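> take a look and give me a structure for this.
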Amino acid sequence: MSGGPEFRINLIELIEEKFGGKPARLAKKANISPGAFQRYLNGESIPGGETLIKISKVSGVSIDWLLTGEKADVQATPLPPEVDKLLTILQHGDPETVGFVKGVLESEHRKIEKPSKGIKKGA
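Residues are numbered from 1 along each chain as shown. A predicted model of the protein is given here:
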């Protein structure tokens, strides 16, 4: 598993330095279940993307650093308050709202991925 031992070591270091050596503080702040967090600390598993983002956001360290111990070349840009609020709504929202927002985002993503046929190269 890529990032396995490094992630565990970096997570422990992060807890010591920023959370007073208390894993439960980070788990609670990042809204990660105690069982899942314990598996990360034991090196039994590595969190997925959403959980890595949560840990990164609440701790102020990059995902690159969490996985590799290396600093990212590019500084993370803080999310605008509106986006942060939307993420909170999606994490705790009802399935109908989440489905609607997901549909809108997927539609917008398709528009970005398929450029207009009217645009010519070199124009």
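> next, the buried residues of the helix or strand where Arg25 lies.
Following DSSP states H and E, one finds Arg25 within helix 23-29. Residues of helix 23-29 classed as buried: 23, 26-27 (neighbour count, 16 or more other Cβ atoms under 10 Å). Every residue, glycine included, has its C-beta placed from N, CA and C.
> any chance of a markdown table for the residues you listed, columns distance to Asn42?
Converted to a markdown table, the buried residues of helix 23-29 look like this (distance: Cβ to Cβ, whole Å):
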| residue | distance to Asn42 |
| --- | --- |
| Pro23 | 11 |
| Leu26 | 15 |
| Ala27 | 13 |
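> closest to Lys102 out of those residues?
Closest approach between the buried residues of helix 23-29 and Lys102, by Cβ to Cβ: Ala27, at 26.5 Å.
> in this structure that closest one contacts Pro34, no?
Yes. Look at Ala27 against Pro34 with Cβ atoms under 8 Å: they come within range, at 6.0 Å.
> contacting residues for the closest residue to Lys54 other than its chain neighbours?
Spatially, and ignoring its direct neighbours in sequence, Lys54 is nearest to Ala30 (4.2 Å; Cβ to Cβ, 6 or more residues apart in numbering). Applying Cβ atoms under 8 Å, 6 or more residues apart in numbering, one finds that Ala30 lies in contact with 51, 54-55, 57-59.
> so which of the residues you listed belong to helices?
51, 54-55, 57-59 (DSSP state H).
> including neighbour count and distance to Asn10, could those residues go into TSV?
Formatted as TSV, the ones in helices among the contacts of Ala30 follow (neighbours: other Cβ atoms under 10 Å; distance: Cβ to Cβ, whole Å):
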residue	neighbour count	distance to Asn10
Thr51	16	14
Lys54	19	15
Ile55	24	10
Lys57	17	16
Val58	18	15
Ser59	19	10
